[in-house]
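Colleague: Build me a structure from this.
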Amino acid sequence: MRAFFVLASAFALSQVIAFPRTTASPPKDYPIRPVPLTSVRITDRFWAPKSEINRTVTIPHIMHENEITGRVDNFLKAAGKKTGPYQGQRYNDTDIYKVMEAASWSLLDHPDPQLSKNLDDLIEIIAAAQQPDGYLYNPRTVDPKDPAPGAGPERWSWLLTSHELYDQGHMIEAAVAHYSATGKHNFLEVAIKSADLMVDTFGPGKRRDVPGHEEIELALVKLYRVTGNQKYLQLAKFFVGERGQPHGVERPVFERGSRFFMYNDAAYRQDQTPVQEQATAIGHAVRATYLYSAMTDLSTFFDGLYDKTLGALFDDVTERKMYVTGGLGAVAGTEAFGAPYELPNRAYAETCASVGGILWYHRTFLRTGTSAAYNALERTLYNGYLSGVSLAGNTFFYQNPLVSDGRQQRSEYFDVACCPANLARLMEELPGLIYAEQGRRIYVNLFIGSDVDVTVNGVKLHLAQQTDYPWDGRVTFALAPDAPLTGTLALRIPDWAMPGTGTPNALYRYAQPLQAQPSVSVNGSTVPLSLRDGYAEVTRRWQKGDTVILTLPMPVRRVLADARVKEDAGKFALQRGPVVYALEGIDNGGSLKEITVPLDASATHAFRSDLLNGVETITVKAGDRAVTAVPYYAWNNRGRGEMEVWIPY
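Modeller: Alright, predicted model coming up:
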């Protein structure tokens, strides 16, 4: 049965390009192309187990929670198969869609007939809940006379709060993933029907409005990619370009104290000025990163439309508003960016904002080719993103503080449960973030043990990456082209592995310069380090059996924040490789209140296979005692307790 399913899946994938198109394939695209996740298999000892936990624990856990909390029942009620009121928040439909996206991608490497059937059953329910004209929004459809709070009295009437388009965006992304992974049209047909209704409703000469929560813009670009239909791309452009414009619709105004009062602030939802004038990151951090991702897509398809603005936004976020863990969003009440250098360690840093950041940084690299985007992506991936889920895979953080008095604890699920499924879908998409290609150049952006198959200049190339990263800086690449191949292997040299203490405008710098240098060898012989835009390039005529070894120095480093980050004055953070560390009370006598550590204190590191599923720990001398730090992502996996990333010195 398993062999048959694998063959069936392979055939289904081959049919993706056969879907009827109304126009040719996109005439323009990113200058650098990601090697698709369908061509990459993760094999290493760090990420492969986490991916397996995501598939076997996290995804089933979320699907179960969606059932017992009434999220699935809402679709059944909208379809007339059950009775009763709508349950939960008006955006809860997306918790179904996002986990379906994650589950769809998981079928690529792990065909599972039962999971495939479960998805088809859900798709049948979703299709039944969809209205004949394509409208699909359970918070209204379950009881049109009494829609869920914030949904508005009529269709599209309160887009700033309703999440109607946000919900549909995640549905479309899930449908595209399901179609791409299985070749089945059933979910994609629902998505197309919904998108066609939006095309008929919004645009020049029609309804002029924008969603309060960005997401539909990303989804419409993805739908354009699989269908080739320009109208979806044009609608995405319309929604982005409409921000900051007079919409010509009456907006509701909410009284102070109302749960919706924040929506009165156009800046909260990035609707205060046209996007090309938004040179600083403000407002809700998740919404903002989704918007910036869409703007990057549109700059690619429309001749650099927003390039100047995007460059300014990237600098503003990474040089003034990003936590050392990669977390985004300093203001708890609005889940928003703060002022420049406003980075309190009680940090909101919503997990979804880390996911949104990764989506944006990836697109930024594909557009610009510089390593700065992947430096931000890697910092987020190993720290602010990974901290959002427990090592067991079944409890989650919504926000990710950098200090705790011991009251924080991961939860099995949330009333507002956007983060768990967002984590799950990104984990399944991780293989597609490792490699990229441009002409005869193959980029290695993440050091994750994996096998990849690509075609370069008509020659098939198998590349195997082996490493114990992030605990060890040695990365080995074995190349096996079908025939001799002239090309370039571009290996990212992370910012933490560069000589010196950091760039002058860096938000974070290192207390001491790096002594050792990165090195590259080919077939046992060291080659000169030829850097271009942060990548070490090795160009040669590759043959089967060639081996490249990249060695990155990984000493324990002390990180200092810009003096304008007030809470971190007189403190340092520990980092080794891409991993930021934290002190936990459980390792340090129960309390961290009296701990100070000299900035130049000696430090050692050691791998502990018996601790936190296997981690490298750091020990530093603090007077007559030793202080132990563990990776930040692994904190709060041994019960409640104090934690701090920034250590007084």
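Colleague: downstream neighbour of the helix or strand in which His64 is found in the secondary structure list?
Modeller: Secondary-structure element containing His64, defined by DSSP states H and E: helix 59-68. Next helix or strand after helix 59-68 toward the C-terminus (DSSP H and E): helix 71-78.
Colleague: Show me what that next one is packed against.
Modeller: Applying 3 or more CB pairs under 8 Å, 6 or more residues apart in numbering; DSSP states H and E, we find helix 71-78 packed against helix 59-68, helix 93-109, helix 113-129, helix 138-141. Using the backbone N, CA and C atoms, a C-beta is placed for each residue, glycine as well.
Colleague: helices and strands around the last one, which ones?
Modeller: Spelled out, that is helix 138-141. Applying 3+ CB pairs under 8 Å, 6+ apart, one finds that helix 138-141 contacts helix 71-78.
Colleague: From the chain's centroid, how far away is the helix it packs on?
Modeller: In terms of CA atoms, centre = their mean, to the nearest Å, the centre of helix 71-78 is set 28 Å apart from its chain centre.
Colleague: swap in stretch 195-208?
Modeller: Here the centre of stretch 195-208 is set off from its chain's centre by 29 Å, with CA atoms, centre = their mean.
Colleague: Give me the buried positions along it.
Modeller: Residues of stretch 195-208 classed as buried by neighbour count (16 or more other CB atoms under 10 Å): 195, 197-199, 201-203.
Colleague: Endpoint to endpoint, it covers what distance?
Modeller: Start-to-end span of stretch 195-208 (CA to CA, to the nearest Å) is 16 Å.
Colleague: Need the contact partners of it.
Modeller: Contact partners of stretch 195-208, identified using CB atoms under 8 Å, 6 or more residues apart in numbering, comprise 133-135, 156, 165, 168, 172, 209, 216, 220, 223, 231-232, 234-235, 238-239, 242, 245-249.
Colleague: Kindly report the same for stretch 518-536.
Modeller: In this structure, residues lying in contact with stretch 518-536 by CB under 8 Å, 6+ apart are 369-372, 375, 443, 490-493, 495, 497-498, 517, 537-538, 540, 546-553.
Colleague: So which of those residues belong to helices?
Modeller: 372, 375 (DSSP state H).
Colleague: before we move on, back to that, could you dump the helices and strands packed on helix 71-78 to a markdown table with mean pLDDT?
Modeller: Below are the helices and strands packed on helix 71-78 laid out as a markdown table (pLDDT from 0 to 100):
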| stretch | mean pLDDT |
| --- | --- |
| helix 59-68 | 98 |
| helix 93-109 | 97 |
| helix 113-129 | 98 |
| helix 138-141 | 98 |
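Colleague: Could you list the domains of this protein?
Modeller: Domain assignment of the chain by automatic domain parsing yields the ranges 1-30+69-250, 265-432, 436-492+517-551, 556-648.
Colleague: Make TSV from the ones you listed and add distance to His61 to it.
Modeller: Converted to TSV, the domains of the chain look like this (distance: least, CB to CB, whole Å):
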stretch	distance to His61
domain 1-30+69-250	9
domain 265-432	5
domain 436-492+517-551	24
domain 556-648	16
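Colleague: Which residue ranges of the stretch 351-500 of the chain form helices?
Modeller: Taking DSSP state H, counting those that start in this stretch to define them, one finds helices in the stretch 351-500 of the chain at 351-368, 372-379, 418-429.
Colleague: Mean pLDDT, distance to Ala622 and mean neighbour count for those - can I get that in CSV?
Modeller: What follows is the helices of the stretch 351-500 of the chain, written out as CSV (pLDDT from 0 to 100; distance: least, CB to CB, whole Å; neighbours: other CB atoms under 10 Å):
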stretch, mean pLDDT, distance to Ala622, mean neighbour count
helix 351-368, 98, 31, 26
helix 372-379, 98, 26, 24
helix 418-429, 98, 34, 26
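Colleague: do you know which of those lies nearest Thr503?
Modeller: helix 372-379 (9.6 Å; CB to CB).
Colleague: report the angle between the axes of that closest one and helix 351-368?
Modeller: Interaxial angle, helix 372-379 versus helix 351-368 (axes from the mean of the first three to the mean of the last three CA atoms, to 10 degrees): 150 degrees.
Colleague: packing partners for helix 372-379?
Modeller: Short answer (3+ CB pairs under 8 Å, 6+ apart): helix 372-379 packs on helix 307-320, helix 351-368.
Colleague: so which of the ones you listed comes closest to Glu335?
Modeller: Ranking the helices and strands packed on helix 372-379 by proximity to Glu335 (CB to CB) places helix 351-368 first, at 7.5 Å.
Colleague: Run the angle between that closest one and helix 307-320 for me.
Modeller: 130 degrees.
Colleague: Extract the C-alpha trace of helix 351-368 and format it as PDB.
Modeller: As requested, the backbone C-alpha atoms of helix 351-368 are provided in PDB (Å, rounded to 0.1, in the frame of the first residue of the first chain):
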ATOM      1  CA  THR A 351       5.700  33.600  17.600                       C
ATOM      2  CA  CYS A 352       3.700  34.500  14.500                       C
ATOM      3  CA  ALA A 353       5.800  37.600  14.100                       C
ATOM      4  CA  SER A 354       8.900  35.400  14.000                       C
ATOM      5  CA  VAL A 355       7.200  33.300  11.300                       C
ATOM      6  CA  GLY A 356       6.300  36.400   9.400                       C
ATOM      7  CA  GLY A 357       9.800  37.700   9.700                       C
ATOM      8  CA  ILE A 358      11.200  34.500   8.200                       C
ATOM      9  CA  LEU A 359       8.800  34.700   5.300                       C
ATOM     10  CA  TRP A 360       9.900  38.200   4.600                       C
ATOM     11  CA  TYR A 361      13.700  37.700   5.000                       C
ATOM     12  CA  HIS A 362      13.500  34.700   2.600                       C
ATOM     13  CA  ARG A 363      11.900  36.800   0.000                       C
ATOM     14  CA  THR A 364      14.400  39.600   0.600                       C
ATOM     15  CA  PHE A 365      17.300  37.300  -0.100                       C
ATOM     16  CA  LEU A 366      15.700  36.000  -3.300                       C
ATOM     17  CA  ARG A 367      15.300  39.500  -4.500                       C
ATOM     18  CA  THR A 368      18.700  41.000  -3.300                       C
END
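Colleague: Tell me which other helices or strands that helix touches.
Modeller: strand 33-34, helix 285-301, helix 307-320, helix 372-379, helix 418-429.
Colleague: which residues are contacting the shortest one?
Modeller: What that stands for is strand 33-34. 362, 366, 432-433, 435-438.
Colleague: Would you format these as a markdown table with distance to Tyr508 included?
Modeller: Formatted as a markdown table, the contacts of strand 33-34 follow (distance: CB to CB, whole Å):
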| residue | distance to Tyr508 |
| --- | --- |
| His362 | 21 |
| Leu366 | 25 |
| Gly432 | 28 |
| Leu433 | 23 |
| Tyr435 | 27 |
| Ala436 | 26 |
| Glu437 | 31 |
| Gln438 | 30 |
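Colleague: quick check, nearest of the residues you listed to Ile448?
Modeller: Leu433 (8.8 Å).
Colleague: Near the closest one, how many other residues are there?
Modeller: 24 (other CB atoms under 10 Å).
Colleague: per-residue pLDDT, it?
Modeller: Leu433 carries a pLDDT value of 98.
Colleague: try Gly257
Modeller: 94.
Colleague: what sits against the residue nearest to Leu446 when sequence neighbours are not counted?
Modeller: Nearest residue to Leu446 in three dimensions, chain neighbours excluded: Ile434, at 4.6 Å (CB to CB, 6 or more residues apart in numbering). Counting by CB under 8 Å, 6+ apart, Ile434 touches 35, 40, 42, 444-446, 448, 450, 452, 465.
Colleague: redo that, cut-off 7 Å
Modeller: Counting by CB atoms under 7 Å, 6 or more residues apart in numbering, Ile434 makes contact with 40, 445-446, 448, 450.
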